[in-house]
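J.: build me a model:
(3 chains)
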Amino acid sequence: MNFNEKVYAACKSIPKGQISTYKEIAHAINTKAYRAVGNALNKNPFGFSYDGDVPCHRVVQSNGKVGGFAHGTKKKIELLEKEEIKIKNNKIVEFEKKCFKFAR
DNA sequence: CCCTTGACCAAAC
DNA sequence: GGTTTGGCCAAGG
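T.: Reported below is the predicted structural model:
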């Protein structure tokens, strides 16, 4: 399993209606490459993600901000709002509650 | 092998 | 509150 596959696998385990951070993902796959995680998702082979695929739009920054998205941050926000996750001024509302922690 | 580039992070200012 | 700075890791030139 290369680095990217681990990242995708971790993303898949994020349940609908919840989100996680790049840092949490990095921790979940036992690495400290937060940056490389985002990099992997940026040029992910899926291009776009819907339910059942790799939900890369459920991954946000550790400070609660939305972060980036290949198709534009606005689009990412729309996808999140479809899952009961509200965004206020580019930040996640109730971030701490929606944040999903991987099994340790 | 060195250098640059990121959908990043934390601390400092 | 925001912005800058240094650090982090993987990939590509």
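
J.: residue ranges with poor pLDDT in chain A?
T.: Segments of chain A classed as low confidence (criterion: pLDDT under 70) are A:45-52, A:104.

J.: can you classify the residue in it that DNA strand B sits nearest to by secondary structure?
T.: The minimum distance from chain A to DNA strand B, using C-beta to the nearest atom of the strand, falls at A:Gly68 (2.1 Å). (Each C-beta comes from the backbone N, C-alpha and C, glycine too.) Here A:Gly68 is coil, with the state taken from DSSP: H, G, I helix; E, B strand; the rest coil.

J.: now it: how far from DNA strand C?
T.: Look at A:Gly68 and DNA strand C: by C-beta to the nearest atom of the strand, to the nearest Å, they are 15 Å apart.

J.: that residue contacts A:Asn42, correct?
T.: Yes - with contact defined as C-beta atoms under 8 Å, A:Gly68 reaches A:Asn42; the gap is 7.4 Å.

J.: what is the burial count for the residue of chain A closest to DNA strand B?
T.: A:Gly68 sits with 13 neighbouring residues when counted by other C-beta atoms under 10 Å.

J.: around DNA strand C, which positions in chain A sit nearby?
T.: If contacts are counted using C-beta under 7 Å from any atom of the strand, the residues of chain A sitting beside DNA strand C are A:2-4, A:31-36, A:39.

J.: mind listing the helices in chain A by residue range?
T.: A:3-12, A:22-28, A:34-42, A:73-81, A:95-98 (DSSP state H).

J.: the fourth one - contacts with which helices or strands?
T.: Helices and strands touching helix A:73-81, by 3 or more C-beta pairs under 8 Å, 6 or more residues apart in numbering; DSSP states H and E, are strand A:87-88.

J.: which residues are contacting the strand it packs on?
T.: Residues from elsewhere that reach strand A:87-88 (C-beta atoms under 8 Å, 6 or more residues apart in numbering): A:66, A:77, A:80-81, A:93.
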